Structures are given as structure tokens and as C-alpha cells.
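Below are the sequence and a predicted model; questions follow.
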Amino acid sequence: ERLGQQIYRLLGSANGLQLLKVALINADAVVDALYGTGFRGRLSERLSKAVEAVNASGKLVVAVDIPSGLEADTGRVNGPCIRAEITVSFGLPKIGLVLEPGARYAGRLLIADISLPRSLTDRTGPGRYLITRELVASWISPRPVTAHKGNFGRVLVVGGSRGMLGAACLAALAALRSGAGLVTLGVPRSLQDVAAAKLTEVMTCGLPETEEGTLAQAAYPVVMDYLARSTVFALGPGLSRHPETAALVRELVQTAEQPLVLDADGLNAFVGKAELLAGRRGPLIITPHPGEMARLLDMEVGAVESNRLKVAEQAAQRWGSVVVLKGARTVVASPDGYTGVNSTGNPGMATGGSGDLLTGAIAALLAQGLAPFRAAAAAVYLHGRAGDIAARQKGEMGLVGGDLLSSLPVACREVERREGSGNGLSSLG
């Protein structure tokens, strides 16, 4: 500790940086305590050089509360920043430690108990939370011994078009793998036989289609008839951006009363018309990736990514819906003030079909009775955890949607509720 203080005092001198480099050669580990949670902006030139030397040393680095150079409230890094292998954060995890790019600099996150009053840490009301296994497990009840498939909801998935049938099929299968009792998939009529051959456990229905093999507006009464017998509606995977299909989507969203998960081309149907998302009759969950969110809000993708929490929260308020802003550290925001930041997932999940699986998982948890925010947050966690399980088995580079699908039941098994689990809430400081 004395050596560290001596090096800090000497860093402004001519040989201070050299002294640090010599000390690093003989060190086994580095404890970073230059700055705490009040840091904003960019490190000074002399401290930037010190941080770069520490990062280049190859030594174990443990950050105290937060890596120096990282903004605690945003996760932003505006210049050189300590790359810690372990960050020991006091009391509660800081937002900047769980959002990207901050999470990359934090390494393994450990929370040290500093005897904060439980009245501060065990809150259950609106606020920002880290989505953890304990939290998700507290929401999912054991299945009763006398259960039958009708107890776990009926999901209607509508999607698919010529050349993009797989997206709809993955969403339907994910709904089953995430616990829905019954799933029906509605696709363009010419694709129904193919869908039925692919999906042994999913019921299928053929819907009126355009000449281009997309859903036609004439499908509206047929879909509404199926919805009358469904608990939850999932709309969007693989639909295409055909103008007639987009018009059908807008009509369905505005008139259907069932809880709705809207994804992919279902969202694209509202570009330039996003105000129509507000005030629908039933609960709405939208699941945009940053590009889709940028199009809905008419802003740059970079602006979305640089302020993911605020963008998701404001969109949830604007449209009165639960917003799932996908990406590294997915954010789930609800209009009543709850926000969750996910703790699972890996880069291998950046593959075609991953978002379609999430749509199906959210719909399944809605169908099983979870409230919209909880269903979305739990599905995001389970989806990411399935990706982590699959990556551990196969690596990240070659992951495909089917790998995540196979791992979903394993992820679900891990959150089976146990006695004495508590409320599972982990507040973000």
C-alpha cells in the first residue's frame, strides 16, 4: 500500500512512470483504487499512462468498487481505463459495472457486504434491478402435481414468409421449450405443409397470403378467430416488410386484446408510425434490437447504444409497453418504473434465430401467468443462460439457434423455485 502511494505521488515526476513499470515487474497483483464511483470524464494524461502500464503488465488486477476510468452511472469509458480481472463493489452492483462497455472492464463482479440497512437493499418497488437467477427463481412457481397442458397457456405465433419460415418455427418451438402448454403457428398457406413437417409438437394453420408468399390482409379474421382460443399472441418473426403484411400487423396490434409480444418485422411495420403502439387494448411487449429501436425512434443507432437504459425507459413510458432492448446486457423496461439489466448471455448468441427464440420464450412465460415485465425479464435471463450453457459445450463461434433451443429446458431447470429463496431482488446502486 505504501509503495502504491509512493508511486502515485511520483507519477507526475520524470521517473514516476518508470518506477511504476519496475514495480509491476516484481508484483504478483495490482489493486486499483485510483478513483471511485464519483469519477466522470477522462483520466489525466499522467494517470492514463499509468493505467496503460498496468493493463499491459499481464498481472492480476483487482479493482476496488469500480475500475478507474469507468463511469459508475453509465458504464461509459472515455479513454484509458483499468481492465480488471475482478471488481469488488461495495454494497450493491453499480450500473456501470453491468452495462457495456463497463462490464468488459470490470471482469468478474463480486459484491462486498458493507452492512447497508436491509430497508435500502431489499426494496421491491419500482427501480433498477440486476436480473439474476435468484430473482427469476422467485417468480416461477413449481408446477402442481395435478397440472395439465391447459394450465400453462395457449400461445399463437404468427409469422413467416417465403424464404423466412425458420424464424417463425424457432419462435414456436421456443415457446414450447419454455413451458407453454399448447402452441399454434400461423404461416402463409403455401408454407403450412413445410411448417407441419418441421414441427411435430406444434399445431399449424395456413393463412391467406399475397402473391409474394407473405401474409395478406385477408388473414385478419382468421387470426382473430384463432386468438379467441389463445392466451398470448406472438407476432413478427419472419413476416417480411411487404406493405400489405405491414398493414395487417398494424391492424392486429391495435385490435387484438391478448397480451402481445411484437418482434422483428412486426416492429418494422411501425417505423414512421410508432405512435400507434401506444394505447393498445392489451399488454404489449416489444423486443427491438438497437437498429430496430433506432428506426422506431428516428435516431442514430449510436445514440441508442450510448444510452441504453434511458432510451429503453423513455420508450416504455412513451408507448405504455414493456421494452426489451436487446444486445449485450439486454435492458428490460416497463412503463410503471421497473427496469432490469440482464446478467447472462455471450457473443456467440449473435446469430440468426436468437431473437426469434426470445420472442417464443417471453410468450410462453406470459402464457404461464407471469406479469409482462416479469415474463420479459425472466425470458431474457433464461435465453441468455441457455446461450451460456450452449457456449460452454460448443464454444461461441459456431453457435446456432438450435443450440440455444436445446439448452432452454436446462436453463429453466436451474431456476426451479426452492423453499426459502426470498424475493431474489438485487438492486443496482
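That came in fine, so what should we check first?

looking at it, G387 is touching G395, isn't it?
No - the criterion here is C-beta atoms under 8 Å, and G387 misses it with G395 at 11.8 Å. From N, CA and C alone the C-beta is placed, and that goes for glycine too.

Looking at those two, which one has more neighbours?
Remark: of G387 and G395, G387 carries more neighbours, 27 against 10, as counted by other C-beta atoms under 10 Å.

Skip the chain neighbours and tell me the closest residue to that one.
Nearest non-adjacent residue to G387, counting by C-beta to C-beta, 6 or more residues apart in numbering: M349, 4.1 Å away.

residues touching the one you found, list them.
Applying C-beta atoms under 8 Å, 6 or more residues apart in numbering to M349 gives the contacts 383-384, 387, 391, 399, 404.

Now intersect the residues you listed with the helices, please.
383-384, 387, 391, 404 (DSSP state H).

biggest separation within these, which pair?
H383 and A391 (12.8 Å; C-beta to C-beta).

Looking at these two, which is more packed in?
A direct count of neighbours by other C-beta under 10 Å for H383 and A391 places H383 higher, at 30 against 21.

And the helices in the stretch 51-200 of the chain?
In the stretch 51-200 of the chain, the helices defined using DSSP state H, counting those that start in this stretch lie at 95-98, 102-106, 118-121, 133-139, 165-177, 192-198.

Tell me where the model's unsure across the chain.
Scanning the chain for pLDDT under 70 picks out the ranges 1-14, 119-124, 417-429.

Which positions in the strand or helix carrying Y220 come out as buried?
If you go by DSSP states H and E, Y220 is part of helix 220-227. Judged by neighbour count using 16 or more other C-beta atoms under 10 Å, the buried positions of helix 220-227 are 220, 222-223, 226-227.

Send me that helix as CSV with only the CA atoms.
What follows is helix 220-227, C-alpha atoms only, in CSV (Å, rounded to 0.1, in the frame of the first residue of the first chain):
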residue,chain,number,x,y,z
TYR,A,220,-57.1,-10.8,-40.3
PRO,A,221,-60.4,-12.6,-39.5
VAL,A,222,-58.7,-16.0,-39.4
VAL,A,223,-56.1,-14.8,-37.0
MET,A,224,-58.7,-13.2,-34.8
ASP,A,225,-60.6,-16.4,-34.7
TYR,A,226,-57.5,-18.3,-33.5
LEU,A,227,-56.8,-15.6,-31.0
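
Counting by contacts, list what it packs against.
strand 154-158, strand 182-188, strand 203-207, helix 243-255 (3 or more C-beta pairs under 8 Å, 6 or more residues apart in numbering; DSSP states H and E).

I'd like the distance from it to the chain centre, please.
30 Å (C-alpha atoms, centre = their mean, to the nearest Å).

And for stretch 283-291?
Mean-position distance between stretch 283-291 and its chain equals 10 Å (C-alpha atoms, centre = their mean).

Quote the end-to-end distance of that stretch.
23 Å (C-alpha to C-alpha, to the nearest Å).

what do you get for stretch 320-329?
End-to-end distance of stretch 320-329: 22 Å, with C-alpha to C-alpha as the criterion.

again with stretch 389-402
End to end - C-alpha to C-alpha - stretch 389-402 spans 13 Å.

Repeat that for stretch 44-63.
Its first and final residues considered, stretch 44-63 spans 18 Å by C-alpha to C-alpha.

quick revisit: identify whichever of the helices of the stretch 51-200 of the chain lies nearest to V31.
Taking C-beta to C-beta, helix 102-106 is the member of the helices of the stretch 51-200 of the chain nearest to V31, at 14.7 Å.

How far away from the center of its chain is that closest one?
Centre to centre, stretch against its chain (C-alpha atoms, centre = their mean), the figure for helix 102-106 is 17 Å.

Good, we can wrap up now.
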